[in-house]
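In: Mind looking at a prediction? Sequence and model below.
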Amino acid sequence: MTMNQIHYRIKPSDPAAHLFEVSCQLEVDTSPAQEGLVFALPAWIPGSYMIREFARHIIDIRASCEDGGKTRAVRLRKRDKHSWQAAPCKGTLTLTWTVYAWDLSVRCAHLDQTHAFFNGTGVFLRVVGQEHLPHVLDIERPDGAGYRRWRVATALPELKARRHGFGSYRAANYDELVDHPVEMGEFQLASFEACGTTHEVAITGRVPNLDLRRLCADLTRICEAQMRFFEPRSARAPFERYVFLIMAVGDGYGGLEHRASTALICKRDDLPVTGADPAVIADSYLSFLGLASHEYFHSWNVKRIKPAVFAPYDFDAEAYTSLLWIFEGFTSYYDDLFLLRCGLIDTARYLGLVAKTIGSVLAGSGRKRQSVAESSFDAWIKYYRQDENAPNAIVSYYAKGSLVALALDLHLRAASGGKKSLDDVMLLLWRRFGQTFYTGKQSGLAEDEFPAIVEAATGINVEREVRAWAAGHDDLPLESLFAGVGVDLSRAAATTQPVLGAKLAAGEPRLAQVFQPGPAHQAGLSAGDVLIALGGLRVTAGNLDSLLARYPVGARVEVHAFRRDELMSTTVKLGAAAAPGFRLKPAALPHALSRAWLKTLRKG
């Protein structure tokens, strides 16, 4: 069997019904004695570590073969939940299928009369065993006059299409095809140059008075800082062009990285407004910039510097690694650090972000039960499938992983007298694994290789620290590490407000989560219980805090609740509210190590 390329076509066939029509065409020559080709849809998308069963969105599929001017139907046999096998045939084999696209997220596909968005992993069946061949994609406009103004935004290289136009695009192989999400519609579009590389911003959704100029200026600073970090001499990007695909909605937050683009979803209120004071960055806008910085850093860390198990991806099953604390946690550390380094925020604000992360990690008792290495490995069944017991059972490899990165950075700076840092480790990872990942040797970081990489980059042995901080359950020694670089870590004063030790569901007095150990847990209350009364007074979604405020810490209060349809009563001993957070402050006397760590590389 010989093939030259695989040709795909995708068209929003019925936007009102949220349906894409997709086809795959290739030349085949299989004898009746041979087995036919197998076509499979990925079960997950890289960057989101959960089996998502994208094949459930395929609502019909058929095949035909054309040879010598004659076309005949080809039998398809479903082999398992996401793959089909075509009967042997000779000629041009075409598979056509329909995909239901109503997932408004960065992971799969969404289509209506206002726009179309898709990730290739959710819509393109791959030809098993032929993924290495060149792939061509025709992107077609929906039928109807209402779609004449639609454009295309993607980092996928054009073949015959014009930039932002419908037509044919190219990919060197299947992995490249599905690593370029596509947005179609009447989006707002802007572009900027960062170190000579074109970057585009395509924003879908209604955003009145959007200050695109400011957004591009701020993104430029982030992108240039990261490019100069990984390539200090040339500031060369690992891509020819980069695209930020942004979906602005009323309420949402998230991002997914790709090799030359990112798909982001955010609140429209997170984006800058024309006429606002450019010297002021609101917390909501800063959160968006942090998200963009995070996903952009992934262009190096996880898209090119990878765990060995991701080189290449197994799209059919889970790809287990205990290293997500490096690839997501380190990225979470550097995303805010680059907001400081590029001059968008000052030292005080950056330290406030770090203090907030410390508080969020220490607020969950799950950190005592699960290490970040365990959290990484179990992401497939725990982190992406959180339930009401999640705060008591798991730890975030994003948040605590960022603190492990911070701890390693401070440790390396102190141990080397400021001569080495985590930056040196990242640069060695880049040179050894990432720099030529898509142009030469493709290998990844082995599960037990990281301490050796750190020692090679810095001359410092961190096996004990990695074992304790990444594989252990104890809290990180942040206070002493900060003191070593001249920064004071202190806990904010506790309040006298009593607490129940539980979180209510939105808009109702139902317990969504019960924190262990805590007053509600000690009293036998559970997630799902509906509070009826506290101290004989009715509880609503809006009055629980005011009812609690009438009691001192330690008071015993009768609580009535429904569990299922059964009324229960218990006595709760109210606890003290945890401290609202932590504070970080450089020591009064300037310290060379903290100055180097908190150095702004580009003034605002």
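Out: Arrived safely.

In: What are the boundaries of the strands in the stretch 251-400 of the chain?
Out: For the stretch 251-400 of the chain, strands defined by DSSP state E, counting those that start in this stretch occupy the ranges 253-257, 261-267.

In: Those strands into CSV, with extra columns for distance to residue 596, mean neighbour count and mean pLDDT?
Out: All C-beta atoms are positioned from the backbone trio N, CA, C, and that covers glycine. CSV is the format used below for the strands of the stretch 251-400 of the chain (distance: least, C-beta to C-beta, whole Å; neighbours: other C-beta atoms under 10 Å; pLDDT from 0 to 100):
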stretch, distance to residue 596, mean neighbour count, mean pLDDT
strand 253-257, 29, 19, 97
strand 261-267, 30, 24, 98
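
In: Turn these into CSV, columns for distance to residue 280.
Out: What follows is the strands of the stretch 251-400 of the chain, written out as CSV (distance: least, C-beta to C-beta, whole Å):
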stretch, distance to residue 280
strand 253-257, 21
strand 261-267, 18
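
In: Nearest to residue 472, out of the ones you listed?
Out: The closest of the strands of the stretch 251-400 of the chain to residue 472 is strand 253-257. By C-beta to C-beta, the value is 28.4 Å.

In: So which elements touch that closest one?
Out: Where contact means 3 or more C-beta pairs under 8 Å, 6 or more residues apart in numbering; DSSP states H and E, strand 253-257 is packed against strand 261-267, helix 283-297.

In: can you redo these as JSON lines with distance to residue 327?
Out: Shown next, in JSON lines, are those (distance: least, C-beta to C-beta, whole Å):
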{"stretch": "strand 261-267", "distance to residue 327": "15"}
{"stretch": "helix 283-297", "distance to residue 327": "10"}
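
In: any low-confidence regions in the stretch 51-200 of the chain?
Out: Scanning the stretch 51-200 of the chain for pLDDT under 70 picks out nothing.

In: What segments of it are strands?
Out: 58-67, 70-73, 76-80, 83-86, 90-100, 109-111, 115-118, 126-127, 135-139, 151-153, 167-171, 182-185, 188-194, 197-204.

In: Paired strands for the first one, with orientation please.
Out: Take DSSP bridges as the rule and strand 58-67 pairs in its sheet with strand 70-73 (antiparallel), strand 90-100 (antiparallel).

In: Let me have the ones you listed in CSV, adding distance to residue 224 and mean neighbour count as columns.
Out: Below are the strands paired with strand 58-67 laid out as CSV (distance: least, C-beta to C-beta, whole Å; neighbours: other C-beta atoms under 10 Å):
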stretch, distance to residue 224, mean neighbour count
strand 70-73, 54, 10
strand 90-100, 38, 19
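
In: how about those strands, which one is nearest residue 487?
Out: Nearest of the strands paired with strand 58-67 (C-beta to C-beta): strand 90-100, 51.5 Å.

In: Would you mind getting the angle between that closest one and strand 76-80?
Out: 60 degrees (axes from the mean of the first three to the mean of the last three C-alpha atoms, to 10 degrees).

In: Compute the number of surrounding residues for the closest residue to residue 347 other than its chain neighbours.
Out: In space, and not counting its chain neighbours, residue 347 is closest to residue 598: 4.9 Å by C-beta to C-beta, 6 or more residues apart in numbering. Residue 598 has 20 neighbouring residues, counting by other C-beta atoms under 10 Å.

In: Wasn't residue 562 part of a strand?
Out: Yes. Using DSSP: H, G, I helix; E, B strand; the rest coil, the assignment for residue 562 is a strand.

In: Now do it, the pLDDT please.
Out: At residue 562, the model reports a pLDDT of 97.

In: still on that earlier bit, my read is that the residue nearest to residue 347 contacts residue 348, right?
Out: No. Taking C-beta atoms under 8 Å as the definition, residue 598 is not a contact partner of residue 348, at 9.9 Å.

In: So residue 106 versus residue 272, what's the distance?
Out: Separation of residue 106 from residue 272 (C-beta to C-beta, to the nearest Å) stands at 21 Å.

In: before we move on, the earlier item: point out the one among the helices and strands packed on strand 253-257 that comes closest to residue 512.
Out: Minimum separation from residue 512 across the helices and strands packed on strand 253-257 (C-beta to C-beta) falls at strand 261-267, 21.6 Å.

In: Counting by contacts, list what the closest one packs against.
Out: Contact here means 3+ C-beta pairs under 8 Å, 6+ apart; on that basis strand 261-267 packs against strand 241-249, strand 253-257, helix 283-297.

In: just those: most buried one?
Out: strand 241-249 (a mean of 23; mean count of other C-beta atoms under 10 Å).

In: Centre of the chain to the edge, which residue is at the far end?
Out: Ranked by distance from the centre of the chain (C-alpha atoms, centre = their mean), the top residue is residue 68, with 48.5 Å.
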